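Colleague: When you get a sec, could you give me coordinates for this:
(one chain, ligands or ions: 1)
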Amino acid sequence: MPRKLANPFSTSSAMPSSEKAGERRPSTSKGNRISQFFSSSPKSKDHMSAQQALFAMQQQQQQQPTATQQQHQTQANGVPAGISPASTSLPIISLSTAVAGDHNSSEPPTTTLFRPKSAEEMEKNRRADSQFGPLCHSSHLYVSKSHGVPLEPPIEDEPPYYFLLTTYISYLLLILVGHICDFFGKRFGDKKHYDSLKVQNGYAPLNDDFDSFYTRRLKMRLDDCFARPTIGVPGRYITLMDRKSNDNNRSYQYTGTYTETLNMSSYNYLGFAQSDGPCADAVEECVRRYGVTSASPRADAGTTDLALEVEREIAAFVGKPDAMVFSMGYVTNASSFPALASKGCLIISDELNHASIRIGARLSNAVIQSFKHNDMYDLERVLRENISQGQPRTHRPWKKILVVVEGLYSMEGTMCDLPGILSLKQKYKFYLFVDEAHSIGALGPRGRSVCDYFGIDPAEVDILMGTLTKSFGANGGYIAADKHIIDKLRSTNASTQYGEAPSPCVLMQILASLKLITGELCPGQGEERLQRIAFNSRYLRLGLKRLGYIVYGHDDSPIIPIMLYNPGKMPAFSREMLKRNISVVVVGYPATPLISSRARFCVSAAHNKDDLDRLLAACNEVADVIQLKFSTGVAGGLAPLPAGVDVTPQQEKEWRRASGVPVTPPRWTVDDIVRCGVRDAKRPLR
Ligand SMILES: Cc1ncc(COP(=O)(O)O)c(C=O)c1O
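Modeller: Now for the predicted structure:
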């Protein structure tokens, strides 16, 4: 593939140009560089802390309006919303040199009123846009919050039975062919590939288990769809290093070319994966002041002023008295459970909880029970059974019970039923641990996760865990809880004693992004990011349902899984999307049940409606090529109701029964989806 120097998405557009806001967001302005505040004088350089510098930058940022504010101003000035100042007045008027009004002068004017953007400026804007897309229109915003109705489990549509049948047959065939290949390969095949699977010099084969078989014989077939190497920032677009394989994905050759693709695969929820803007500037300056490493665990010399500040800010953000940061999200869970529970305790875990929770729970030596995903009846059943029976054999009461759930499930796109869990908590008196890896920053009107989304006081949840890898564009994890819990964690947690402390520049990224979200820095920008991701999530979900895809998850979730089922459709979907310059993640067994292979779109605030329309158009084409439109309509995406009928989605079922109007499978055209999407995405989705 040829090297794509220019952004492949920036020239063509589904939007009319009048709807585009091409103004550069203040975050990318070089005038905002935090370095100015660090390096104004040698003295100030020595004495100004990172916090002061951030504060100084904040004051400067406040003088510059955000994209939303600019839009409002533009509306107030009489220019239609959506036409950005940049698109209406690309050339810059130089007021200091303007001579147009000097009618008495006989000299021809020596200066021009208009100055086109320099190539450097244009390249900078292009790069910034490829990391964070400009907002197309001020109506493309939405506030993520619960509207008071109890959280219903999302309806899971089912494909026709022949789909399930062919999925099982595909796996059977793959396993059969794999075993036949292994049988002959071990006897007659290339030694290089099969020696490690055989007994050699009395040594048992190290790799001859099902994992090895699955990896070699099933995953290898679609390995080109996973772990595609990238360069640059994983923002709105992501640049892939082109590669090819001549030996069925055993090895790859790099062609030396690159392809810039629309990025639907990174957990860049709020779009903070940026190499320009206030966060990047703060991090750049932080590296100059602190270097990149703390060169020590937290318990020794790795506790910097930045670490303390970040912990204070996180605790305040999530609404807990204290917090602790870790250098890795996975380790946060893996090393915290042993400090929270031990022998004689009971951990009750949602069956779809992340691997880091499972490993942490196992390391704690507590007894582990699981309940059906997000099923409050099953959780109550497990609680009653275990409380009545007590500990195994002795039947003594449990020392304590800890229920562990995630705020937002990354494979399902479902939110935990926090109100339901809290009502059980009041009844059965267990501790509650909520992993907000995917929900922090991504849910709630202020981005403060599920408590914020449901309007619940965070004090009702005992332990709030989250990762800083996703919404904050950084790295690491945190635990926020009462002070005595955090004190215990600090003193007994393995990663504090033995693990490397978070890097200062990563801490600075967390700090800067947090301050942006709260509005302390660049007021309005954080709010806009939160509202963009909320709108984008609903718009894309509704569009995919209307196309006819089976879509999993709750309406406000920025994780949108679409079901593929058949294992052969995973590589087909991924490759077809790549042909259209779109990067997606496909997921199959063992991350999902065997028959539930899926593609998962991760929506970001960095995307704009143009991007989502392009994605919907591509999904429409690909669905026709590889047969993916099999929704029945029971899970939504339905055609509009007849004119004059005004019923809520809850009343609709009853109305259909009474008036004999059946549910018909939704198969909208892309044009219709684009036409009605903005309005309908803000109503209850049906
Ligand atoms: C629920 C959950 N917890 C913890 C983690 C681990 O976080 P990290 O990737 O930052 O190590 C993840 C990772 O995706 C996750 O989904």
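
Colleague: Now do the closest residue to N249 other than its chain neighbours against Y377, distance only.
Modeller: On the basis of Cβ to Cβ, 6 or more residues apart in numbering, the spatially nearest residue to N249 that is not a chain neighbour turns out to be D223, at 4.0 Å. Backbone N, C-alpha and C define where each C-beta goes, glycine included. Shown here: D223 relative to Y377, a distance of 41 Å by Cβ to Cβ, to the nearest Å.

Colleague: which residues of the stretch 351-500 of the chain fall in strands?
Modeller: Secondary structure of the stretch 351-500 of the chain (DSSP state E, counting those that start in this stretch): strands at 367-371, 401-406, 431-435, 463-467, 477-481.

Colleague: just so I know, which of these lies nearest the ligand?
Modeller: strand 463-467 (3.7 Å; Cβ to the nearest ligand atom).

Colleague: For the ligand, tell me whether that closest one is touching it.
Modeller: Yes. Counting by Cβ under 6 Å from any ligand atom, contacts between strand 463-467 and the ligand involve T467.

Colleague: Which positions in the protein make contact with the ligand?
Modeller: On the criterion Cβ under 6 Å from any ligand atom, the ligand has as its neighbours in the chain the residues 328-330, 333, 354, 356, 406, 410, 435, 437-438, 467, 469, 477.

Colleague: now L164, nearest residue through space, not along the chain?
Modeller: Taking Cβ to Cβ, 6+ apart, and ignoring the residues beside it in sequence, L164 has I595 as its nearest neighbour in space, at 6.0 Å.

Colleague: make that S327, sorry
Modeller: In this structure, S327 finds its nearest non-sequential neighbour in P502, 4.4 Å apart by Cβ to Cβ, 6+ apart.

Colleague: residues touching the residue in the stretch 551-686 of the chain positioned nearest to the ligand, list them.
Modeller: Relative to the ligand, the nearest point of the stretch 551-686 of the chain is I559 (9.9 Å; Cβ to the nearest ligand atom). Contacts for I559 were tallied using Cβ atoms under 8 Å, 6 or more residues apart in numbering; they are L408, Y409, S410, E412, G413, H438, G553, R600, F601, C602, V603.

Colleague: Tell me which residues of the helix or strand S130 falls within come out buried.
Modeller: S130 is part of helix 119-131, with elements assigned from DSSP states H and E. Residues K124, N125, R127, A128, D129, S130, Q131 are the ones in helix 119-131 that count as buried (16 or more other Cβ atoms under 10 Å).

Colleague: ok, now stretch 371-384?
Modeller: Applying 16+ other Cβ under 10 Å to stretch 371-384 flags F371, H373, N374, D375, M376, L379, E380, V382, L383 as buried.

Colleague: quick one: which two of the residues you listed are the most distant?
Modeller: The largest separation in the buried residues of stretch 371-384, counting by Cβ to Cβ, is between H373 and L383 at 16.0 Å.

Colleague: and the residue lying closest to K429 once chain neighbours are set aside, what pLDDT?
Modeller: Excluding its sequence neighbours, the residue lying closest to K429 (Cβ to Cβ, 6+ apart) is I401, at 7.9 Å. You'll see I401 listed with a pLDDT of 98.

Colleague: With pLDDT added, can I get the buried residues of stretch 371-384 in TSV?
Modeller: Written out in TSV, the entries for those read as follows (pLDDT from 0 to 100):
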residue	pLDDT
F371	98
H373	97
N374	96
D375	96
M376	96
L379	98
E380	98
V382	98
L383	98
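
Colleague: To which secondary structure element type does whatever residue of the stretch 151-300 of the chain ends up closest to the ligand belong?
Modeller: Of all residues in the stretch 151-300 of the chain, Y267 sits closest to the ligand, at 6.9 Å by Cβ to the nearest ligand atom. Here Y267 is recorded as coil under DSSP: H, G, I helix; E, B strand; the rest coil.

Colleague: List the contacts of it.
Modeller: For Y267, the residues meeting the contact criterion (Cβ under 8 Å, 6+ apart) are S410, H438, T469, K470, S471, C602.

Colleague: same thing but at 10 Å, please
Modeller: 234, 273, 410, 437-438, 442, 467, 469-471, 473, 558-559, 585, 602, 604 (Cβ atoms under 10 Å, 6 or more residues apart in numbering).

Colleague: Next: V661.
Modeller: If a contact means Cβ under 10 Å, 6+ apart, then V661 has L641, P642, V645, E652, W655 as its contacts.

Colleague: what does A635 give?
Modeller: 154-158, 545, 549-552, 663, 666, 685.

Colleague: burial count for E313?
Modeller: 19 (other Cβ atoms under 10 Å).

Colleague: Was I right to think it contacts D322?
Modeller: No. Using Cβ atoms under 10 Å, E313 is not in contact with D322; the gap is 11.9 Å.

Colleague: A361 against V404, yeah?
Modeller: Yes. Taking contact to mean Cβ under 10 Å, the distance of 7.0 Å between A361 and V404 places them in contact.
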